[in-house]
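Colleague: With the input below, show me the fold.
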Amino acid sequence: MKEKLYRNLIELSNGKLSSKVLQHVAQSRISKNFIRSYSDIYGINIQEVSKSPKDFTSLHDFFVRELKGEVRPVDIRTNTFASPVDAKLEAFGDITDGMMFSVKNKPYSLVDLLGNETQATRYSKGKYIVFYLSPADYHRIHSPIDGVIKRQYILGKKSYPVNQMGLQYGKKPISHNYRMISEINYEKDFCTAFIKVGATFVNSIKLTNNSTQWKKGEEVGYFSFGSTVVMLFEQNAVEFTENVSSGAKIKMGEAFATML
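Modeller: Okay, the predicted model is just below:
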């Protein structure tokens, strides 16, 4: 009953008009007045931000803020993957023989997520990890590894919430939301699927790096209004580091997996 009610309410409010209104309000100059209260409510560390709150032009401008370079050191070891975002580790583990993985006890299909059975087969029996970005988090996206962009494409049309209620009651938002998929070719011809998932009605995933050669830790884009990142790894490609646990917080640049 709760699931049905939640989905009906989200469908009623998730349209082009409501999305445009939300964008307009957040990008308006008057929204600048809410930056201080927004940062207080969410406990954002202003000392890490690249400029003073008064220098941002809108709430959206603050939401996609840049940080001072030294506050997010990147793990430089060549055999590690660095977290691409500040986030909570929502789920991680093994991909089953049926090319399925689970988040909040909901089964997700690799074919649904990637939109292609050939692509999905590559990650069969591999590993997955899900990073959830809350409204408080830094929303710039960085490359998790040195590599070459083998393929990049977009799937999905609408974006539904990927917060706790969205994951529990929503209709599999991770594999149905608007999402941008980057397949990164790295050492020894291994691939990782780096999936940026839009959220909260606004399909805004902005690429800031159009190069096909990515370097670990460099900025490649940003999210607007909430988001999730999913990463997929091939069989026998990586193992997760000791700091990876369900619900743990991770900062951009921290290692979360080691190559085998």
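
Colleague: So for stretch 72-89, what gets flagged as buried?
Modeller: Going by neighbour count (16 or more other C-beta atoms under 10 Å), the buried part of stretch 72-89 is 72, 74-75, 80-89. Placement of C-beta: from N, CA and C, glycine included.

Colleague: Filter those residues down to just the ones in strands.
Modeller: Secondary structure assignment by DSSP state E places 80-82, 87-89 of the buried residues of stretch 72-89 in strands.

Colleague: and which of these is nearest to F194?
Modeller: Using C-beta to C-beta, the shortest approach to F194 within those belongs to F81, at 10.0 Å.

Colleague: of the buried residues of stretch 72-89, closest to S143?
Modeller: P84 (6.8 Å).

Colleague: Apart from its chain neighbours, what residue comes closest to that closest one?
Modeller: Of all residues not flanking P84 in the chain, P144 sits nearest, at 4.6 Å (C-beta to C-beta, 6 or more residues apart in numbering).

Colleague: number of nearby residues for that neighbour?
Modeller: Counted by other C-beta atoms under 10 Å, the residues lying close to P144 total 29.

Colleague: Tell me if I'm right that it and T80 touch.
Modeller: No: using C-beta atoms under 8 Å, P144 makes no contact with T80, being 9.2 Å away.

Colleague: Pull up the per-residue confidence for the residue nearest to the spatial centre of the chain.
Modeller: The centroid of the chain falls nearest to V229 when counting by C-alpha atoms, centre = their mean (2.6 Å). We have a pLDDT of 94 for V229.

Colleague: What separation do you get for it and E117?
Modeller: 23 Å (C-beta to C-beta, to the nearest Å).

Colleague: how long is stretch 250-260 from one end to the other?
Modeller: 22 Å (C-alpha to C-alpha, to the nearest Å).

Colleague: Okay, buried residues for it please.
Modeller: For stretch 250-260, a neighbour-count test (16+ other C-beta under 10 Å) marks 250-257, 259 as buried.

Colleague: Take these and keep only those in helices.
Modeller: Nothing among those maps onto helices, per DSSP state H.

Colleague: what two of those residues are the furthest from one another?
Modeller: The span of the buried residues of stretch 250-260, defined through C-beta to C-beta, is set by K251 and M259 at 20.7 Å.

Colleague: re earlier: may I ask which helix or strand encompasses the residue nearest to P84?
Modeller: Under the criterion DSSP states H and E, no helix or strand holds P144.

Colleague: ok, it - contacts?
Modeller: Taking C-beta atoms under 8 Å, 6 or more residues apart in numbering, we find P144 in contact with 81-84, 184, 192, 194, 216, 231.

Colleague: can you pull the contacts of L260?
Modeller: Applying C-beta under 8 Å, 6+ apart, the residues contacting L260 are 236-239.

Colleague: Considering the ones in strands among the buried residues of stretch 72-89, which is situated nearest to V64?
Modeller: Looking across those and measuring by C-beta to C-beta, the closest to V64 is A87, at 15.4 Å.
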